[in-house]
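Enquirer: I need the structure of the sequence given here:
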Amino acid sequence: MKERYYRRLDALLIAGILLIYFFCNLQKVIIPGSIFNELQQHFGATAIEITGLGAVFMYCYGFFQLATGMLIDRYSGVRVLVVGGMVFTLGCLLTALPLSLGGMYMARLLAGLGASTIFLSMITELSRICGRYFSIFVGLAVFCGYSGSVIGSVPFILLAEHFQWQYLLMILALLMLVVQLAFMLLAYLAKLPEIRPEVSFSLKTFAKPLKNPQNWYTMLFICFIFGSYFTMQTVIGKKILEDYVGMSAASAGLVLTMMVVLAAVDGFAATLLSSWAGNRKVIFLRMAAVAAMLSLLAAMLAVGLGYRAVWFWWTIFLILAAAGNFAPLAIVLVRDNNPPENLGTATSIVNCSPYVAVAIMGNTIGWIMGRWEPSAAAGARIYPPQAYFAIFLLLALAAGVGCVGAFLLQEKCVSHLVAVQ
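Expert: Take a look at the predicted model:
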């Protein structure tokens, strides 16, 4: 009877974790990507100040995942998520109450810090609770995450055209608070793994994965191929479609939404293709890297030639989304290229790297846009084509580095994954 009670609590814990992951992905997409112009108008800020809001979130989200892995090993995923979830919720609440641009930066820093605990805690707890159904629930988690990204695109953009964005952010923050309080109650009632005081925190755990060149090549791919896609999705894509292509906010949001939908399908399709090809992964990563680089070069040339056909830009953005989201195969390569005792640390290093890359590219894009004086139109700041030409040049060069990493990757015989009796 008691065992059944704890199993029900575990099921509710999983539901709570998936909802928290939904809100995490929602927050990633909204600021600054979905309300770039609104934030500029509200704060009277420059482009680099607005892109910096996304960058500070991504820096915290990326870097603190490294510490999250060690904390989970010692305290368990649920305990880490109780604390991290509250920090994330506080950041969401403060984001909806921006008294100043500096206050908004602090809010995004807290949100990113809390969000950094969510993904690894979720994977750890799904592995512990779901057993042989682990892969099914990982698929469900991916669906919940992409659902948050979809809601943060067209639906949020349309609502922001009719309601104050601060009110919308406050509603989302209050919903997150309700979910987090319920999760904390469940964590108090549930039977959790024992705390492991023997697990120490040491930077030495990162040494062996960082000495493996294949991990570096994987990071080059995932930083600059997935990173280019994610920069377009969350930082600057909507602004480009509005300023240069001339789309409305709703139409630009629809492009971003379809990028997320394609990304969701693509993640599963990539692993399926790999399975059909005898578990080959590198060939698909190389094809994806080349496709991403060519799409960004085509976009750069189109801006240089003044080409604004809507169908063309739809195609460019969707190709980039498809290429960027072969990243799950890169994560599988991490498993292939690292022994089990280093797998958790190697995964945390590789998983954090693209978000740091997105933060750096976001900062650089803001700096590039600041080199040109925008014109005013309907209250928005419109940047000239030269700024977007330079942005696509930056992203194409980054994708070129990702291509180099992809072509240095090697397929491995995964002997360490099979125990020889």
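Enquirer: check contacts around Lys211.
Expert: Residues counted as contacts of Lys211 (C-beta atoms under 8 Å, 6 or more residues apart in numbering): none. For the C-beta atoms, the positions are set from N, CA and C on the backbone; glycine is no exception.
Enquirer: I'd like the distance between the nearest residue to Ile283 once chain neighbours are set aside and Leu294.
Expert: Spatial nearest neighbour of Ile283, chain neighbours left out: Ala277 (7.3 Å); criterion: C-beta to C-beta, 6 or more residues apart in numbering. Counting by C-beta to C-beta, to the nearest Å, the gap from Ala277 to Leu294 is 22 Å.
Enquirer: who has more neighbours, these two?
Expert: Leu294 (17 against 11; other C-beta atoms under 10 Å).
Enquirer: Pull the number of nearby residues for Gly324.
Expert: For Gly324, using other C-beta under 10 Å, the count is 31.
Enquirer: Just list the residues touching it, thanks.
Expert: With C-beta under 8 Å, 6+ apart, Gly324 has these contacts: Ile225, Phe226, Gly227, Ser228, Tyr229, Phe230, Ala263, Ala288, Ala292.
Enquirer: Ignoring the adjacent residues along the chain, who's closest to it?
Expert: Tyr229 (2.6 Å).
Enquirer: My guess is the one you found contacts Ile319. True?
Expert: No. Taking C-beta atoms under 8 Å as the definition, Tyr229 is not a contact partner of Ile319, at 9.8 Å.
Enquirer: Now the common contact residues for these two.
Expert: With C-beta under 8 Å, 6+ apart as the test, Tyr229 and Ile319 both reach Ala292.
Enquirer: what's the host helix or strand of Gly237 packed up against?
Expert: Counting by DSSP states H and E, the element that carries Gly237 is helix 237-240. In terms of contacts (3 or more C-beta pairs under 8 Å, 6 or more residues apart in numbering; DSSP states H and E), helix 237-240 is packed against helix 36-43, helix 249-276.
Enquirer: Reformat those as JSON lines; add mean pLDDT and mean neighbour count.
Expert: Formatted as JSON lines, the helices and strands packed on helix 237-240 follow (pLDDT from 0 to 100; neighbours: other C-beta atoms under 10 Å):
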{"stretch": "helix 36-43", "mean pLDDT": "87", "mean neighbour count": "19"}
{"stretch": "helix 249-276", "mean pLDDT": "82", "mean neighbour count": "19"}
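Enquirer: Compare those and report which one is nearest to Phe156.
Expert: Within the helices and strands packed on helix 237-240, the stretch nearest Phe156 is helix 249-276; the backing value is 7.9 Å (C-beta to C-beta).
Enquirer: any idea how far the closest one is from the chain center?
Expert: Relative to its parent chain, helix 249-276 has a centroid offset of 14 Å by C-alpha atoms, centre = their mean, to the nearest Å.
Enquirer: so where's the stretch 201-350 of the chain uncertain?
Expert: 267, 340-344 (pLDDT under 70).
Enquirer: residue ranges for the helices of it, please.
Expert: Applying DSSP state H, counting those that start in this stretch to the stretch 201-350 of the chain gives helices spanning 207-210, 213-221, 227-231, 237-240, 249-276, 282-305, 310-324, 327-337, 340-369.
Enquirer: Could you dump the ones you listed into a markdown table and include distance to Met58?
Expert: Formatted as a markdown table, the helices of the stretch 201-350 of the chain follow (distance: least, C-beta to C-beta, whole Å):
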| stretch | distance to Met58 |
| --- | --- |
| helix 207-210 | 21 |
| helix 213-221 | 15 |
| helix 227-231 | 9 |
| helix 237-240 | 15 |
| helix 249-276 | 17 |
| helix 282-305 | 19 |
| helix 310-324 | 15 |
| helix 327-337 | 16 |
| helix 340-369 | 4 |
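Enquirer: Comparing these, which comes out most buried?
Expert: helix 227-231 (a mean of 30; mean count of other C-beta atoms under 10 Å).
Enquirer: Please look at Ala160 and Leu168 and confirm they touch.
Expert: Yes. Ala160 lies in contact with Leu168 (C-beta under 8 Å); the separation is 6.3 Å.
Enquirer: more crowded one of those two?
Expert: Ala160 (21 against 18).
Enquirer: element containing the more buried one, please.
Expert: helix 154-162.
Enquirer: any idea which helix or strand comes after that helix?
Expert: Assigned by DSSP H and E, the successor of helix 154-162 is helix 165-189.
Enquirer: so what's the nearest residue to Cys223 once chain neighbours are set aside up against?
Expert: Leaving aside its sequence neighbours, Cys223 sits nearest to Ala357 (C-beta to C-beta, 6+ apart; 3.8 Å). Ala357 is in contact with Cys223, Phe224, Gly227, Ala398, counting by C-beta under 8 Å, 6+ apart.
Enquirer: same question, Asn363
Expert: Ile48, Thr51, Gly52, Ala55.
Enquirer: State the pLDDT value of it.
Expert: Looking at Asn363, its pLDDT reads 89.
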